[in-house]
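[1] would you be able to build a 3D model of this:
(2 chains)
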Amino acid sequence: MSSNSDWKNGGPQMDRRGALECMVWAGTGMLWALSGGIPSSMFIGDAKAAEMAKNGFTFLQISDSHVGFNKPENPNALSTLQEAIDKIKAMPVKPSFMIHTGDITHLSQDKQFDDAAQVIGSAGLPVFYVPGEHDVIDEGLGKSYLARYGKASAGSGWYSFDQNGVHFIGLVNVMNLKAGGLGNLGDEQLIWLENDVRGLSASTPIVIFAHVPLWTVYPEWGWGTEDGARALSLVKRFGSVTVLNGHIHQIMQKVEGNVSFHTARSTAFPQPEPGKAPAPGPMKVPSEELRKFLGITDVNFIKVNQPLAIIDKTLADA
Amino acid sequence: MSHPLRAAPAVACLRRVLACAATPLVLIAFALLAFAHLCSAAESQSVPSITSTAGKTVEITISNFTFAPPEITIAPGTTVKWINQDDIPHLVAEKNLAFKSQALDTNDSFSFTFSAPGEVEYYCVLHPHMTGKIIVKAGAA
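    Prediction:
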């Protein structure tokens, strides 16, 4: 379909090997850097990544841990999360913090939240969470998540913070979803967002993170956010906007004007490319191949107004 | 996508028919008729099935992020049982949350009895693009 015709698997500055690795969708996490207003991406294992981490402010993205998932596609999602965290612990220069773009758990159960917190916490980094739809299916439809991670946030868990001159905004687009619709932010959150960015200079780099892609990836599978365009219109005056999402368990990236979009791999299981399977459920790959499909993302801000460097690394990378 | 738990519609129908073997013959005959309707709807995804169902249970499977059949007509007093055959949880709810299931993991089910005539639209709270409709009509046959 046309809405993803301008999509790439992997980042615009990725070499062939990197591109090939991106085409096998599963993930560990992602490292990010900023230089020149346009993001670029690399895998965490690259020498370039280590160099960037020395020179700039970096943070890490992990996503879609699905702790509690135990189906044949990955019989132990907690252990692949542990492997991802072990990769992070082994990084020569520690990122400043981690963001988790949701689906921490598979079924919003207390034990799943506890297990995830214990493993993720072992990295020894501050973690900023946004919920995925799997984190808000407890009896109270999100009360469990908010009791753990929403105390300091507004509304249903959204918030912002500043780090090294970058304004970070965590949005929630998995609550109060309407029949027949996609991800949803809602009026209350959009009003909050408008106020949140009002006083900021247009040269402030903006990083928005949320679970479901804020733009339309593939509506037939619900891969998009109903009112995502309204959120993006509120930040269009900024010179550098980076949107980080999860949900689709594969890397996709596109640049539109000053806005760069990126989705991360899962640490649990891959999902098919849009439209290439009857449904977006877990994709079975040979078990010895699984770790090539799982990953983490590292982000490095070398300096403000430089491109944001995005580094994806699979669990299979040395 | 490989999915060992997901039976082909024809196999699923056969299984349901066999499950009815303990019931009286007349019911078996009826069930065959009813399931034939269900199966044809599951295969075509568009033909609403009509079953005379008061006091009985009608099954809707959730497979490949789809409710099958997506629309059914039942008599008041019929129980609808949703069974999740996906490897991903789903959560069935009336569109205004008049009723909702818990999160249904693989092979979990949720039942709800519809007593009042009318049309009920429902969806999956996790994947709201998944929708279905129950038409409750007196004397549905």
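[2] and the helix or strand encompassing residue A:81, what's its mean pLDDT?
    Using DSSP states H and E, residue A:81 sits in helix A:77-89. For helix A:77-89, mean pLDDT rounds to 94.
[3] output the contacting helices and strands for it.
    Using 3 or more C-beta pairs under 8 Å, 6 or more residues apart in numbering or on different chains; DSSP states H and E as the contact test, the elements touching helix A:77-89 are strand A:27-35, strand A:57-62, helix A:110-121, strand A:294-301. The way it works is simple: take the backbone N, C-alpha and C, and place the C-beta from them, glycine included.
[4] and residue A:257, how many neighbours?
    By other C-beta atoms under 10 Å in any protein chain shown, 8 other residues sit near residue A:257.
[5] what is the burial count for the nearest residue to it once chain neighbours are set aside?
    Nearest residue to residue A:257 in three dimensions, chain neighbours excluded: residue A:236, at 7.4 Å (C-beta to C-beta, 6 or more residues apart in numbering or on different chains). Other residues near residue A:236 come to 11 when the count uses other C-beta under 10 Å.
[6] my guess is residue A:236 contacts residue A:229. True?
    No. Contact criterion C-beta atoms under 8 Å: residue A:236 and residue A:229 do not qualify, at 10.1 Å.
[7] what's the distance between residue B:117 and residue B:59?
    Residue B:117 sits 21 Å away from residue B:59, going by C-beta to C-beta, to the nearest Å.
[8] chain B: which of the helices and strands packed on helix A:77-89 is closest?
    Among the helices and strands packed on helix A:77-89, helix A:110-121 comes nearest to chain B, with 11.3 Å by C-beta to the nearest C-beta.
[9] now do the buried residues in the closest one.
    Within helix A:110-121, the residues that count as buried by 16 or more other C-beta atoms under 10 Å in any protein chain shown are A:112-113, A:115-117, A:119-120.
[10] then stretch A:220-240?
    Within stretch A:220-240, the residues that count as buried by 16+ other C-beta under 10 Å are A:221-228, A:230-232, A:234-235, A:238, A:240.
[11] take these and keep only those in helices.
    The helices, defined by DSSP state H, take in A:228, A:230-232 from these.
[12] and which of the residues you listed is nearest chain B?
    Using C-beta to the nearest C-beta, residue A:228 comes nearest to chain B of these, at 14.6 Å.
[13] that closest one is in contact with residue A:216, isn't it?
    Yes. Between residue A:228 and residue A:216 there is a contact at 7.5 Å, judged by C-beta under 8 Å.
[14] what does the stretch 101-250 of chain A put close to chain B?
    Proximity of the stretch 101-250 of chain A to chain B (C-beta under 8 Å from any C-beta of the partner chain) is limited to residues A:106-108, A:133-134, A:137, A:139, A:141, A:177-182, A:219-222.
[15] that older thread, got a markdown table for the helices and strands packed on helix A:77-89, with mean pLDDT too?
    As requested, those are exported to a markdown table (pLDDT from 0 to 100):
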| stretch | mean pLDDT |
| --- | --- |
| strand A:27-35 | 55 |
| strand A:57-62 | 89 |
| helix A:110-121 | 98 |
| strand A:294-301 | 83 |
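[16] what segments of chain A are helices?
    So, for chain A - with DSSP H - the helices run A:16-22, A:47-55, A:77-89, A:110-121, A:143-149, A:187-198, A:228-233.
[17] also chain B?
    Using DSSP H, helices in chain B cover B:9-19, B:25-44.
[18] ok, residue A:227 to chain B distance?
    As defined by C-beta to the nearest C-beta, to the nearest Å, residue A:227 lies at a distance of 13 Å from chain B.
[19] need the contact list for that residue.
    The neighbours of residue A:227, taking C-beta atoms under 8 Å, 6 or more residues apart in numbering or on different chains as the test, are A:184-186, A:190.
[20] switch to 7 Å and redo it
    Neighbouring residues of residue A:227 by C-beta atoms under 7 Å, 6 or more residues apart in numbering or on different chains: A:184-185, A:190.
[21] distance of residue A:92 from residue A:298?
    Distance, residue A:92 to residue A:298, using C-beta to C-beta: 12 Å.
[22] got it, and residue B:67?
    As for residue B:67, its distance to residue A:298 is 40 Å (criterion: C-beta to C-beta).
[23] rewinding a little: of the helices and strands packed on helix A:77-89, which is nearest residue B:80?
    Smallest distance to residue B:80 across the helices and strands packed on helix A:77-89 (C-beta to C-beta): 29.2 Å, for helix A:110-121.
[24] what sits up against the closest one?
    Residues outside helix A:110-121 that contact it (C-beta under 7 Å, 6+ apart): A:65, A:67-68, A:78, A:81-82, A:85, A:100, A:104-106, A:127, A:144, A:148.
[25] how about a cut-off of 10 Å?
    A:62, A:65-69, A:77-79, A:81-86, A:88, A:98, A:100, A:104-106, A:109, A:127, A:129, A:134-135, A:138, A:144-145, A:147-149, A:267 (C-beta atoms under 10 Å, 6 or more residues apart in numbering or on different chains).
[26] got a ChimeraX select line for the buried ones in those residues?
    To isolate the buried subset of the contacts of helix A:110-121 in ChimeraX, counting by 16+ other C-beta under 10 Å, use the following:
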select /A:62,65,66,67,68,69,77,78,81,82,83,84,85,88,98,100,104,105,106,109,127,129,134,135,138,144,145,148,149,267
